[in-house]
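Peer 1: what's the 3D shape of this:
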Amino acid sequence: MENKNRINNFNCNYVVTINPPTSITTSTTGKFTSPKDRNLIVSKNTSFEIYFITSTGLKPYLVVPIYGSIATLKLFSIEGKEQDLLFILTQEAKLMILSFDSKTETITTVANSNLKQKIGKKNEIGAVGLISPNSQAIIVYFYTGFLKYFPIDPNANLLNSNKDDLIINGGAENAAFPVFSEAFDIRLKELIVHDIVFLYSKYNELLLCVLFETANDMRHIKTYVLQKELLELKKGPFSRSNVDESANMLIPVLPPFYGVLVVGNSKISYINNGSFITTKIPWGFYIAFGVIDASRILLGDHLGNLYLVALIKKTSRKSKSIENEKTQEKQVVEIKFVKLGETSSPTSFSYLDNGFVFVGSSWGNSMVIQLQNSSTPGFEVVDEFRNVGPISDFCCVCPDDSGQSKMITCSGAFKSSSLQLISNGILINQLSSINLPGISGIWNLKQFKKQKENKTEKLIDNLIDKFVVLSFFQTTSILEVKGEQFQSVEFNGFAYDSQTLCCFQMILPKEGKIYTIQIVPESIRVIETSKWELVSTWKPPKESRILLAEGIQYEQENSTFSKVILSTSIHDIIMLEISSDGKFSQKGIANFGFEISCINLHENLDIGAIGSWEDFSIRLINLKNMQEICKVDLINDVLPRSVVLISWQKELYLIIGMGDGNVFTFNLDLETYQVKKKRKFVSGKTPVSLRKLKCFGKEIVFVCSDKSSVIHSENQKLLFSSTTVNEVNQISSLNSKYYSDCLIISSNNTLSICQIEEFQNLNIKEFPLNEMARRIVHLKKMKKYAILTSVISTNEDQQKSEMLSNEIPNQIEKNHLRIIDENTFEVVGSFEFDNQETALSIITIEMDENSEIIIVGSGISKSDKSGPDWGKIRMFSIEKKMNEENSNENSNENSNETLKLQMIAFQEFGGAVFSLARYKKRRFVAGINNQVFLFKITESKEKNQSLFFLYQGYQIGSMASLHLQTIKNIVFCGDSMKSVRGWIVGKTDYIFNEVCRDFYPKRLSAIEILDENHLLVSDRNCNLYILYKKDEDQDNLEESYRLENIGPFHTGDVINKFQKCSFVMKTEENEHLHSSSIVYGTISGEIGLIVSISKEDFILFRLLEKILGSIIVGVGGFTQEQFRCFDQGLDDSNNSYQGFIDGNLIEKFLDLKNNEMEEIISQINISRIKITIDELIEKIEKMKQLY
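Peer 2: Here you go, the predicted model:
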């Protein structure tokens, strides 16, 4: 049980994945979904995805999350069975065998096992799972010195297994599956293992090959035959001492060749019994292979170079007689090594069919390539799959006061690295645009399509947008849509010399007519569309003009008519009806004695809304009698500029756009129309205009301002989503033959045709760099990004040589500081660091209201040591200059801008500058090796530099000061091995006084300060937890000195960074949750959200989590609780996790059937927490709205 006395705001956290892992670690092909299907299955850390391999490409089928981080994923077939099974081994030592039921389309767990032990040392190469070529056995290598052996007997009857070994699921219904009998531990003498594989055997033996290292740093291979009866390893048919000292990969060779390929950095060797053939290959770190057939193997290195390894069989015969022909002499193999081209840095290859190969990558985008059959070796990229991982660093930027941030990540590695812009909201792509300033209104006009032979087709479904009406200050224009072009036209009946206030249509499908109603200040005009004839006109009372108007078509009691509500210059509010023959009738008039700022009416109900210039309010009026229903008071001194009445999912809403960029929404009672619920969000800073639109059949309200957004409804919840288009002045839908489900948008001086791509949580845009991005910061005042990059360059003569010697090539790593434009992502400034200098850390510091500087820390290696010998801190300034020669009014904002990036100061140190952090005004701290230094930026007396930084104090850390965070005068340091220490820095003497320390060793990966007493921390074991510093207790100083671990939670992924930010707009409703929102990025490309919640919600969600965990068993038979337990690498039977709620599990409640929800609610109510289904759904939806 959790100690409820410890549950406070920072101890109550909700963790949820908002972008699942994208890095592909392994892949496999086979017949999983049915004997007739051919599948590709790829692993993405905590999930796997199933594809159909079709003649037209890969077809996605199913995404399957699991409770574990996948290390091995292999399809294998059993003798006599037509459908394959899936073998999965996780990094947490969980093993599972899965099958697929094609009738029910569900995944069944055939067997599983938890391999964790209370003793044992995890091996250095991670969890390894092997299946013998003939599916006789499974071998797992997890602990040093031991192999776990699972025999497979497809002919045996089902037997019970030991509880610590493989658990067989099911009974008679699973009798078709193989039996995994009792598992056995087998001793492995080799302790430093670099690779282990099963080899193909002529004699159907269980033949293992081990690549290992001895104490003298030499590498060797040995083969072993696993004796089933004796349960031990016997000497195999061959071994080889002193193979390539860089060898790290074994590739089993298929029959008829047999044997093994040993791959090193500059050699590849074939070994089989007495055969040993070595070929030099281009130097590189070879990290992935894929078998095409017995004689062709694909091999890829870390830079993405793709090679074909061809095995050439040469045979000789002693005699040409038939007898000797059957018994050939020992095989001789020649190895040919051919470069095919460059891909992303690969982690797996899977041959699909007909020359198509899937290239999986953890460091870049995965892809499907097609190998060329021509004489020139090569390939063509057919398809690509986006990968956000690994996220080495990121920054979040909030461009306005809405509270909604966008995330810019340093993604990928090596040449596959990129910056990726990640934002929440609706993606709007621009298709075309023209320069057209001064637009005050846009409306689309429909026409019937040409009649088809099918006379039963409804005319209402036979409509298409054909014209666009554009309103200007004193004129109106009409554009005809012709394919992808727009042509200016004029028709009879329209008033072209006046500004159009409103334009809409009344469609009469029974009569086959369409009336277009144009409202201008002088009149309302009804125009019959087929002949463009003026049918009727209505004019306002004498000496008055129409100022605002809104019209809409009504359907009532099998009759069609239109309603128009308008305001005049003499403050009259007039209600009109237009009949199906185009005649006007006045239904009501009222005068409230003030000028109207905005006006709207509901499309079905007899209510309207008007805004007041005088008292800054909105009034709801009854359209039947023109009487006021209620008054809604708003912000003082801020004018309501736009109003919409709309119904969504049996809810009635009043939405108001304000002059200061705020938007208010109100729920209205369906009977009394009284205000029930008020919400507010910030759209931008300019006046808001609201427009009802339909996109993909979904009704939305588009918020036009300098930061456009969309209001829509899902599951009876109002959602606010930003868009990828910033400034929008006017908008209309457009659904023509060429522009289907599009928008026509006016912004600044441009008229654009755009398309909403889809309603989704996150939008991702990639900006390739062709060099590796390591760190990123945002220059707020300059509207730029500063990134640290590295690129490896090779000597030109070596690049021209196809085959290199076994010596390491003369590769030079170049590091740069790049300045990237915030909008175009183009490089606008650059600085190159010295040779052998690696840029490690970067921060920005504001010097005054108009300037900020960049500080970069580096490490420099001059010797053969693995770590840097010394380092530097460099200080840079950026000056923005305008090129007057090229400046003109119409030029792009950035085209006249030049930046001067100048190093203004530097200092050398006897260690690498691993980390930097802002401290106070003009001060910063630096982690240099195992020490933490405080510096002050001051004026320089030197003529050639304006600023310098002075040392003010330091403290010795532990091993390596990799992570620094500061708050007030407190400095926290995250160490590479010794977790966290905290110091208070003296205000005058700047002495570091240690005030807290975590005494449990941890290999930290990221830290973030929550407040002065709470730290959010992650480690290399994929654990997330909170460190808590107690208030000082004079009676027990030792306890208050200790950082208490109060929140261990296993994520299954290594978190590289935390940052406080939110992907959604701030509203009054989510203000608390929004302010506590923290985003994290991981190695596999996962993006997660951590939010502090109330104590009451935490207790409720924890109870719901336990109930759901007992009901929803994960794929493979493992539970959510087992996965989320704090991982120390040992047996986790006694572990538990606290302080965090698993949001991924909580949100599965929304997918349950109603009777299942009722059962869960009854269990919750038993625990004295009273809540209904609707109330619980509302709480969960509230959390989902945070992303």
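Peer 1: next secondary structure after the helix or strand of the chain with the lowest mean pLDDT?
Peer 2: Every helix and strand of the chain was ranked by mean pLDDT, DSSP states H and E. The lowest is helix 322-326, at a mean of 43. Moving toward the C-terminus from helix 322-326, the next helix or strand (DSSP states H and E) is strand 332-342.
Peer 1: check the offset of that next one from the chain's centre.
Peer 2: Averaging C-alpha positions (Cα atoms, centre = their mean, to the nearest Å) puts strand 332-342 38 Å from its chain's average.
Peer 1: buried ones in that strand?
Peer 2: For strand 332-342, a neighbour-count test (16 or more other Cβ atoms under 10 Å) marks 333, 335, 337, 340-341 as buried. In short, each C-beta sits where N, CA and C put it, glycine included.
Peer 1: hey, where'd the helices end up in the chain?
Peer 2: Shown for the chain, the helices assigned by DSSP state H span residues 322-326, 796-800, 1037-1041, 1071-1075, 1095-1111, 1120-1124, 1143-1146, 1154-1166, 1173-1184.
Peer 1: as TSV, those with mean neighbour count and distance to Ser362 would be great.
Peer 2: Putting those into TSV (neighbours: other Cβ atoms under 10 Å; distance: least, Cβ to Cβ, whole Å) gives the following:
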stretch	mean neighbour count	distance to Ser362
helix 322-326	9	48
helix 796-800	10	26
helix 1037-1041	12	41
helix 1071-1075	16	33
helix 1095-1111	18	30
helix 1120-1124	22	21
helix 1143-1146	22	22
helix 1154-1166	13	37
helix 1173-1184	16	29
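Peer 1: format the ones you listed as CSV; extra columns: distance to Leu751.
Peer 2: Below are the helices of the chain laid out as CSV (distance: least, Cβ to Cβ, whole Å):
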stretch, distance to Leu751
helix 322-326, 80
helix 796-800, 50
helix 1037-1041, 66
helix 1071-1075, 35
helix 1095-1111, 47
helix 1120-1124, 52
helix 1143-1146, 43
helix 1154-1166, 49
helix 1173-1184, 36
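Peer 1: show me the one of those helices that comes nearest Met218.
Peer 2: Nearest to Met218, of all these, is helix 796-800, at 27.3 Å by Cβ to Cβ.
Peer 1: low-confidence stretches in the stretch 101-250 of the chain?
Peer 2: 154-181 (pLDDT under 70).
Peer 1: got it, and the stretch 251-400 of the chain?
Peer 2: Along the stretch 251-400 of the chain, segments meeting pLDDT under 70 span 314-330, 332.
Peer 1: again, only this time at 50
Peer 2: Scanning the stretch 251-400 of the chain with the threshold set as pLDDT under 50 gives 316, 318-330.
Peer 1: likewise for the chain?
Peer 2: Along the chain, the parts satisfying pLDDT under 50 run over 1-8, 157-164, 168-176, 316, 318-330, 452-460, 796-806, 884-896, 1129-1131, 1133-1134.
Peer 1: leaving out sequence neighbours, find the closest residue to Phe87.
Peer 2: Using Cβ to Cβ, 6 or more residues apart in numbering and skipping the chain neighbours, the partner closest in space to Phe87 is Lys74 (4.9 Å).
Peer 1: which stretches of the stretch 501-650 of the chain form strands?
Peer 2: 502-508, 513-520, 523-528, 533-538, 546-556, 559-568, 572-578, 584-591, 596-601, 607-612, 617-622, 627-633, 640-648 (DSSP state E, counting those that start in this stretch).
Peer 1: CSV for those strands, including distance to Ile125 and mean neighbour count?
Peer 2: CSV is the format used below for the strands of the stretch 501-650 of the chain (distance: least, Cβ to Cβ, whole Å; neighbours: other Cβ atoms under 10 Å):
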stretch, distance to Ile125, mean neighbour count
strand 502-508, 69, 21
strand 513-520, 72, 23
strand 523-528, 77, 21
strand 533-538, 82, 16
strand 546-556, 68, 18
strand 559-568, 74, 20
strand 572-578, 78, 20
strand 584-591, 81, 14
strand 596-601, 66, 22
strand 607-612, 68, 23
strand 617-622, 67, 20
strand 627-633, 67, 14
strand 640-648, 55, 22
